[in-house]
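K.L.:
no sequence on this one, just coordinates:
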């Protein structure tokens, strides 16, 4: 089995090696990461084969952690159609603070044996400056249990926080399995631990990955989540991540690695009086949004909760807000789609979720940019009609278009590909993405762009889709051709979107949309034009 060797730790027990350097004081040591790409096929030492890369290191950083009736709100009731046989074998790898397995949300009564590749829970504490006295995968914070129970928690009736939000707490895919990779501790989430956890999750063969963690980066190649998610994509694994800087701010397509499905937080029709500062603006524009405000689900045991030491053995729930809570909703929705379409690629599942969203009724173009394609609709996503599919070569084309080349690119492609060998599809961007973004460098610049896209028919065998454009009066959006006629399933059709308009002048952004409609399916793509930030 090919294993991803993404960090360099000098340890005999693994393919990971640590490299330390002295700081300003002889007593201070800092961890650095050397990303070495795929593990070599030969039996030769990885250190020998990649020794020339040791001079290019990335300083280890600590990243930050960023959910009762949210599933009903999303139109996915307990009676929703299920493919239990496949859902029961889906494994969602969660990178977080661990898991509290004795909680009722993780009761496995009635479950059959887990898939043979399921590894349960692991923990990583390689880079902590204050090693845990008794390290284990047990959740001592509550964050990991909260996100995990959002994905696959069993139905618990009468859950509440001191009678607030009383109802049935449950996960989106309760039959699925959680594989926990504890990478976060009291002092944060180390890049080294993140990469080790991603390495193991990919090697273990999880079906999806959920990460409610974010941090700063200036390049795709110094971000552990972007690197790990790229290798996951190559293995057919979709990574969902809370909106944040999980890649450089490159707005040519979006502000994060396009092989990741990034998630923003939306509200529901329930509000509480406690003021919550989410800390997410349009600078962290996501692909999609899901409920992430006032979400009640499992936390840690009561002795840890609120520091009440005299009460033990009682499981309680907590109400939390943020993109951390939205991300597992989308991970569960992706698992739900995958349970009906197990052979779909990560890009196909991502497309299905993005093009079937519910529109948020917000009359503010800045807010429209912040909620991406809209709010997830898991049941509609089972039958998207058309999908925008992509492969590894599409993402390599995107990286080439963004100026990446040389050693960094060869590491991702095992040295087999260079930019000159990737054909240019033309147009404004280099990806077959379900949304279209145009960044203007000046308010005085005229709007002019061409987007090339290809869709695959996964709806009716024979269908005719017509283009429906919604745009402000100042923006001209032309689709060529205006109709797509399909004669069989999995047939592909290409089209072009031409956008023209005057300078933005006194406004910072414009929003439009393209919808392909065959009277049974509505395949939506947002179009956003905005000034660079």
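P.N.:
Nice, I can see it. This structure is a prediction, so every number in the text was calculated from the model and none was measured.

K.L.:
Low-confidence regions, the stretch 351-500 of the chain specifically.
P.N.:
Scanning the stretch 351-500 of the chain for pLDDT under 70 picks out 362-370, 415-416, 425-428.

K.L.:
Which parts of it are helices?
P.N.:
In the stretch 351-500 of the chain, the segments counted as helices under DSSP state H, counting those that start in this stretch are 365-370, 378-381, 392-401, 406-412.

K.L.:
So which of those helices is nearest residue 108?
P.N.:
helix 378-381 (23.3 Å; CB to CB). For every residue, glycine as well, the C-beta is placed using N, CA and C.

K.L.:
was I right about residue 84 contacting residue 175?
P.N.:
Yes. The pair residue 84 / residue 175 is scored as a contact, 5.5 Å apart, by CB atoms under 8 Å.

K.L.:
More neighbours: which of the two?
P.N.:
More crowded of residue 84 and residue 175, by other CB atoms under 10 Å: residue 175, with 21 against 10.

K.L.:
which ones are touching the more buried one?
P.N.:
For residue 175, the residues meeting the contact criterion (CB atoms under 8 Å, 6 or more residues apart in numbering) are 82, 84, 87-88, 111, 152.

K.L.:
can you give me phi and psi for it?
P.N.:
phi -90, psi -10 (degrees, to the nearest 10).

K.L.:
any chance of the helices of the stretch 351-500 of the chain in TSV, with distance to residue 528 and mean neighbour count too?
P.N.:
Formatted as TSV, these follow (distance: least, CB to CB, whole Å; neighbours: other CB atoms under 10 Å):
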stretch	distance to residue 528	mean neighbour count
helix 365-370	5	18
helix 378-381	21	21
helix 392-401	18	19
helix 406-412	28	16
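
K.L.:
Put together a markdown table for those, with distance to residue 334 on each row.
P.N.:
A markdown table is the format used below for the helices of the stretch 351-500 of the chain (distance: least, CB to CB, whole Å):
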| stretch | distance to residue 334 |
| --- | --- |
| helix 365-370 | 21 |
| helix 378-381 | 9 |
| helix 392-401 | 18 |
| helix 406-412 | 23 |
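
K.L.:
Looking at the ones you listed, which is nearest to residue 503?
P.N.:
Closest approach to residue 503 among those is made by helix 365-370 (15.5 Å; CB to CB).

K.L.:
still on that earlier bit, compare the helices of the stretch 351-500 of the chain and give me the one nearest residue 488.
P.N.:
helix 378-381 (22.4 Å).

K.L.:
residues making contact with stretch 71-81?
P.N.:
Contacts of stretch 71-81 (CB under 8 Å, 6+ apart): 155, 168, 170, 172, 268-269, 290-291, 329, 333, 336, 375-380, 382.

K.L.:
do that again at 7 Å, thanks
P.N.:
155, 170, 172, 268-269, 291, 376-379 (CB atoms under 7 Å, 6 or more residues apart in numbering).

K.L.:
any idea which helix or strand carries the nearest residue to residue 198 once chain neighbours are set aside?
P.N.:
Once flanking residues are discounted, residue 198 sits nearest to residue 228: 3.1 Å by CB to CB, 6 or more residues apart in numbering. Using DSSP states H and E, residue 228 sits in helix 224-234.

K.L.:
now that helix, how far from the chain's geometric center?
P.N.:
Computed by CA atoms, centre = their mean, to the nearest Å, the chain-centroid distance of helix 224-234 equals 11 Å.

K.L.:
Show me what that helix is packed against.
P.N.:
Secondary-structure packing of helix 224-234 (3 or more CB pairs under 7 Å, 6 or more residues apart in numbering; DSSP states H and E): helix 191-204, strand 238-242.

K.L.:
out of these, which comes closest to residue 342?
P.N.:
strand 238-242 (12.3 Å).

K.L.:
next SSE after that closest one?
P.N.:
Past strand 238-242, the next helix or strand by DSSP H and E is strand 260-266.

K.L.:
Run the angle between that following strand and strand 238-242 for me.
P.N.:
Interaxial angle of strand 260-266 relative to strand 238-242 (axes from the mean of the first three to the mean of the last three CA atoms, to 10 degrees): 40 degrees.

K.L.:
which helices and strands sit right next to strand 260-266?
P.N.:
Counting contacts by 3+ CB pairs under 7 Å, 6+ apart, strand 260-266 packs against strand 238-242, strand 288-291, helix 323-340.

K.L.:
Quote the end-to-end distance of stretch 453-465.
P.N.:
Stretch 453-465 has an end-to-end distance of 15 Å (CA to CA, to the nearest Å).

K.L.:
Now do the contacts for residue 209.
P.N.:
Contacts of residue 209 by CB under 7 Å, 6+ apart are 93, 201, 232, 237, 239.

K.L.:
repeat that for 8 Å
P.N.:
Contacts of residue 209 (CB under 8 Å, 6+ apart): 92-95, 198, 201, 228-229, 232, 237-240, 331.

K.L.:
Spatially central residue in the protein, please.
P.N.:
The centroid of the chain falls nearest to residue 240 when counting by CA atoms, centre = their mean (1.8 Å).

K.L.:
on that earlier part again, counting only helices, which of the contacts of residue 175 make the cut?
P.N.:
In this view, the contacts of residue 175 that belong to helices under DSSP state H are 84, 87, 152.

K.L.:
Now that residue 124 has come up, it's in contact with residue 182, right?
P.N.:
Yes. Look at residue 124 against residue 182 with CB under 8 Å: they come within range, at 6.7 Å.

K.L.:
And for the residue nearest to residue 506 when sequence neighbours are not counted, the neighbour number?
P.N.:
Using CB to CB, 6+ apart and skipping the chain neighbours, the partner closest in space to residue 506 is residue 443 (7.5 Å). The number of residues packed near residue 443 is 12, by other CB under 10 Å.

K.L.:
what residues are up against the residue nearest to residue 329 when sequence neighbours are not counted?
P.N.:
The spatially closest residue to residue 329, leaving aside those adjacent along the chain, is residue 290, at 3.8 Å (CB to CB, 6+ apart). Residue 290 makes contacts with 70, 74, 263-266, 326-327, 329-330, 333, 375-376, as judged by CB under 8 Å, 6+ apart.

K.L.:
one more time with 10 Å, if that's ok
P.N.:
67, 70, 73-74, 150, 172, 240, 263-266, 323, 325-333, 353, 357, 375-376, 378 (CB atoms under 10 Å, 6 or more residues apart in numbering).

K.L.:
Could you look up the SS state of residue 149?
P.N.:
The three-state label given to residue 149 by DSSP: H, G, I helix; E, B strand; the rest coil is helix.

K.L.:
What does the pLDDT read for it?
P.N.:
Note on residue 149: pLDDT of 89.

K.L.:
repeat for the one 5 residues further on
P.N.:
According to the predicted model, the pLDDT of residue 154 comes to 84.

K.L.:
Return the residues in contact with residue 180.
P.N.:
92-101, 106, 119-123, 137-139, 144-145, 147-148, 197, 201.

K.L.:
ok, the residue nearest to residue 506 touching residue 503?
P.N.:
Yes. At 6.0 Å, residue 443 counts as touching residue 503 under the criterion of CB atoms under 10 Å.
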